[in-house]
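S.K.: Any chance you can model this:
(2 chains)
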Amino acid sequence: MNLNSEFSDYQLIQLVKAGDHNAFSEIYNRYWGILYGHCLKMLKDEAEAQDVVQDLFMSLWTKSAELDVKTNLLGYLYITARHKVLNTIRKRKTSDKFIEALGAYATTHNDSVIDQINERELAAAIEAEIKNLPQKMREVFEYSRKEYLSHREIADQLGISDKTVKKQVANAIRILRLRLTVPATLLIMAAWYLSK
Amino acid sequence: MNKDSIEQLIDRYLAGTCTSKERTLIERFYMDEVLNRKLPENITDPMLAKDAMWQAIAAQVNPNHIPKKKKGLNLYRNIAAAAAVLITVGLVLYFYPQNRINKTEQVVKQNRAIGINPGGNKATLTLSNGEQIILNEAGNGVLANQSGVVVRKTKDGQLVYSPVREYLLGDALSYNTISTPKGGQYQVTLPDGTSIWLNAATTVRFPTRFSGKERNVSLVTGEGYFEVAKNKKMPFRVSSDKQVIEVLGTHFNINNYPDEASLKTTLLEGSVRVLAQTGTGKRKVILKPGEQSVVATELKVEKADLQEVMAWKNNKFTFNSMPLEGIMRQISRWYNVDVEYKGDISGKVFTGTISRYANVTQVLNMLELTQVVHFKIKERRIIVMP
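M.R.: Numbers count the residues shown, from 1 in each chain, chains lettered A, B, ... in the order given. Model prediction:
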């Protein structure tokens, strides 16, 4: 298991901004499955999907300086993936069903009022995708997510305020981490304390 | 809409020049597709794809990356890289610009920590004639010759005792004492080849030559890690005020600080017998590797957390669910600072590891990451607050 699997996304972003390769590889471990699954679904082509994911992570690394530490990491990666998927579809030489379908959609919805997608919906869409992923592609993500969502991350994903989340956690939960003895044994852990 | 205009629409979207309505249209449609579609059925093993993608990414990200041929992702799993992680966390918090508004993340400012340095190889040697040598100021080489036993400083932080001639009947039995101050540490090799690593604020007393039936050494105060040379004919004994440890040849750690609640002996390898004087009388027990004896009012044996116990000798602080007070005592001894508590932080435990050579601010920042405790530094005093 990667030594960094207990860092939160927030901490990983900070580390990646500082040029930390380990943190970067942990982000890959955590989210490759979701992103690859998404690209496969949308592009229906393994090689293209892999290209997009590679591209995605490479630009995460090279552009990490521009990344705000408060970014919702998965949201950011997902939106970037969407962008690159559309780009790939657009560049396809043969006529794409996607484009046809979009054309039809645009025609039928020309006069209707369409609401902008908010964070909550985005999070829900990501959730739905994750549920449909095969076990192996989901695994690391679930582990890290369950244990280490901070108040803000929970709140962001659910679109509710920080304080509401705090109130909902009835008792003080202290999450202690006893790390397995691994020869390197160099691991930083934050003990999360969700208090009243 | 026809194909051309859709293509142009997508181009505008990708360029960021479309209208808000257009953007919403595309994103809504995209989301519908996402929710309606399923993963294609006949895909090759995704784990192979995971590896293949990483190979390509890592090659770009790290030009020195050597592609691995075998299955399974082994990402940068070496100690040097992990060490970089530890120090980096401290650094990032340290140098990150102050424009973060979140007031629960307080960064202890550097300028309050001037003069507080991590410990180093410092100790004082007191010879049998009372002469004192400050080891960190001494040069390498022979420091003394006491009744045919030469004391040499072999390198920074290391002292070696070697007999240069046989024991003669007329030789006086002479004792030396090595003392580390707060913020000090030292290693000494005794004439029989036994090595002792002294932690901060530690005093060890031993004879310059082992002769007779036993090898007797005393850990007067502090913490020492021992690697005892085997000699079945001459058992090795370490005495502290409440206990004597008898060993044949073995590796163990003794923690005997006056401000810690109990006297702990942890066995790594070999076998030791602990004879303790407790509040309820004399007790003895034989330890197996991985066990530790705890002497307070009673003598108890428990499973040891070897990582935590041996961290200091491996140049780290390691805490596994350690109460804050225990952590602060270690910090106090190593950085030679005082600790003051304001407010109630009793019962808080922490888990983590950091290099002992990190700045004290990096260590404190690591603890502050938990948002459970906060620190201020005033000269050589650390103030601990909830």
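S.K.: Pretty sure B:Pro40 sits in a strand.
M.R.: No. Counting by DSSP: H, G, I helix; E, B strand; the rest coil, B:Pro40 falls outside a strand, being coil.
S.K.: Hmm, B:Ala144 and B:Leu127 touching each other?
M.R.: Yes. Assessed by Cβ atoms under 8 Å, B:Leu127 is found in contact with B:Ala144 at 5.6 Å. Placement of C-beta: from N, CA and C, glycine included.
S.K.: Which positions are bridged to B:Lys316 in the beta structure?
M.R.: For B:Lys316, the beta-bridge partners under DSSP bridges are B:Ser355.
S.K.: In the stretch 1-150 of chain B, what residue spans correspond to helices?
M.R.: B:3-15, B:20-36, B:46-61, B:79-95 (DSSP state H, counting those that start in this stretch).
S.K.: just to revisit the earlier point, quick check: neighbours shared by B:Leu127 and B:Ala144?
M.R.: Both B:Leu127 and B:Ala144 are contacted by B:133, B:151, under the criterion Cβ atoms under 8 Å, 6 or more residues apart in numbering or on different chains.
S.K.: just to revisit the earlier point, can I get the helices of the stretch 1-150 of chain B in JSON lines with mean neighbour count and distance to chain A?
M.R.: Converted to JSON lines, the helices of the stretch 1-150 of chain B look like this (neighbours: other Cβ atoms under 10 Å in any protein chain shown; distance: least, Cβ to the nearest Cβ, whole Å):
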{"stretch": "helix B:3-15", "mean neighbour count": "15", "distance to chain A": "5"}
{"stretch": "helix B:20-36", "mean neighbour count": "16", "distance to chain A": "5"}
{"stretch": "helix B:46-61", "mean neighbour count": "18", "distance to chain A": "5"}
{"stretch": "helix B:79-95", "mean neighbour count": "18", "distance to chain A": "4"}
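S.K.: Where does pLDDT dip in chain B?
M.R.: B:1, B:62-115 (pLDDT under 70).
S.K.: if you go through chain A in chain order, where are the helices?
M.R.: Secondary structure of chain A, counting by DSSP state H: helices at A:9-17, A:21-43, A:46-62, A:73-91, A:97-108, A:119-131, A:135-148, A:151-158, A:162-168.
S.K.: Any residue of the fourth one touching chain B?
M.R.: To tie it back to what came earlier, the one meant is helix A:73-91. Yes. Using Cβ under 8 Å from any Cβ of the partner chain, helix A:73-91 reaches chain B at A:82-83, A:86-87, A:89-90.
S.K.: List the contacts of that helix.
M.R.: A:9, A:12-13, A:27, A:31, A:34-35, A:38-39, A:42-43, A:48, A:51-53, A:55-56, A:59-60, A:67, A:96, A:98-99, A:119, A:122-123, A:126, A:156, B:7, B:10-11, B:13-14, B:26-27, B:30.
S.K.: Quick one, which of these are buried?
M.R.: Buried residues within these, defined by neighbour count using 16 or more other Cβ atoms under 10 Å in any protein chain shown: A:9, A:12-13, A:27, A:31, A:34-35, A:38-39, A:42-43, A:48, A:51-53, A:55-56, A:60, A:96, A:98-99, A:122-123, A:126, A:156, B:7, B:10, B:13, B:26-27, B:30.
S.K.: quick one: stretch B:326-342 to chain centroid distance?
M.R.: 15 Å (Cα atoms, centre = their mean, to the nearest Å).
S.K.: Can you mark which positions in it are buried?
M.R.: Buried, per 16+ other Cβ under 10 Å, within stretch B:326-342: B:327-328, B:330-337, B:339.
S.K.: would JSON lines of the helices of chain A with distance to B:Glu308 and mean pLDDT be doable?
M.R.: Compiled in JSON lines, these are given as follows (distance: least, Cβ to Cβ, whole Å; pLDDT from 0 to 100):
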{"stretch": "helix A:9-17", "distance to B:Glu308": "23", "mean pLDDT": "81"}
{"stretch": "helix A:21-43", "distance to B:Glu308": "23", "mean pLDDT": "90"}
{"stretch": "helix A:46-62", "distance to B:Glu308": "35", "mean pLDDT": "93"}
{"stretch": "helix A:73-91", "distance to B:Glu308": "32", "mean pLDDT": "91"}
{"stretch": "helix A:97-108", "distance to B:Glu308": "56", "mean pLDDT": "88"}
{"stretch": "helix A:119-131", "distance to B:Glu308": "37", "mean pLDDT": "82"}
{"stretch": "helix A:135-148", "distance to B:Glu308": "22", "mean pLDDT": "60"}
{"stretch": "helix A:151-158", "distance to B:Glu308": "30", "mean pLDDT": "50"}
{"stretch": "helix A:162-168", "distance to B:Glu308": "32", "mean pLDDT": "46"}
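S.K.: any chance of those helices in JSON lines, plus distance to B:Lys3?
M.R.: Listed next are the helices of chain A as JSON lines, based on distance: least, Cβ to Cβ, whole Å:
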{"stretch": "helix A:9-17", "distance to B:Lys3": "40"}
{"stretch": "helix A:21-43", "distance to B:Lys3": "19"}
{"stretch": "helix A:46-62", "distance to B:Lys3": "21"}
{"stretch": "helix A:73-91", "distance to B:Lys3": "12"}
{"stretch": "helix A:97-108", "distance to B:Lys3": "6"}
{"stretch": "helix A:119-131", "distance to B:Lys3": "27"}
{"stretch": "helix A:135-148", "distance to B:Lys3": "34"}
{"stretch": "helix A:151-158", "distance to B:Lys3": "37"}
{"stretch": "helix A:162-168", "distance to B:Lys3": "47"}
